[in-house]
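[1] Sequence isn't available, so here's the structure alone:
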């Protein structure tokens with residue numbers, strides 16, 4: 001079966017201080033151009049907690065674009081924040097979901 005998925009955005013982040021988490025790389029920003037993918041993730045992307053993120057089994061986090069409206073509806077006070085990049089994802093994919 002041919003996939004109709006389309007890559008909408010690529011996000012990278014660096015480890016930085018966070019008032020509640022201590023340190024995090026969850027905050028990602030959109031980047032343009034080609035990004036090299038290695039065995040442990042995207043070149044230029046950082047991981048703060050290697051126990052639960054990163055590594056060969058969790059190298060890149062892809063997220064379906066279709067999920068943002070549901071999050072916005074579930075959390076209306078935070079609806080403006082439910083945009084690509086909000087979930088700490090590296091890739092935003094249109095046309096595919098978790099299934």
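    Thanks, I have it. Just so we're clear, the structure is a prediction, and the values are computed from it rather than from any experiment.
[2] Identify the residues contacting the spatially most central residue of the chain.
    Taking C-alpha atoms, centre = their mean as the criterion, residue 89 is the residue nearest the geometric centre of the chain, at 0.4 Å. For residue 89, the contact set (C-beta atoms under 8 Å, 6 or more residues apart in numbering) comprises 11, 28, 61, 62, 63. C-beta coordinates here come from the backbone N, C-alpha and C atoms, glycine included.
[3] Any stretches of the protein with poor pLDDT?
    Under the criterion pLDDT under 70, the flagged ranges of the chain are 1-2.
[4] Which positions within stretch 63-79 qualify as buried?
    Neighbour-count burial for stretch 63-79 flags 63, 64, 65, 67, 68, 72 (criterion: 16 or more other C-beta atoms under 10 Å).
[5] actually stretch 24-41, sorry about that
    Here stretch 24-41 shows 24, 25, 26, 28, 31, 35, 40, 41 as buried, counting by 16+ other C-beta under 10 Å.
[6] Contacts only, for the last one.
    Put plainly, it is residue 41. Contacts of residue 41 (C-beta under 8 Å, 6+ apart): 47, 54, 59, 60, 90.
[7] 6 Å - rerun?
    By C-beta atoms under 6 Å, 6 or more residues apart in numbering, residue 41 lies in contact with 54, 59.
[8] ok, now the first one?
    Contact partners of residue 24, counting by C-beta under 6 Å, 6+ apart, are 18, 48.
[9] switch the cut-off to 10 Å
    13, 14, 15, 16, 17, 18, 46, 47, 48, 49, 53, 88 (C-beta atoms under 10 Å, 6 or more residues apart in numbering).
[10] same question, the third one
    When the contact criterion is C-beta under 10 Å, 6+ apart, the partners of residue 26 are 13, 15-16, 18, 47-49, 53, 85-89.
[11] The same query, at a cut-off of 6 Å, please.
    Contacts here follow C-beta under 6 Å, 6+ apart; on that basis residue 26 touches residue 88.
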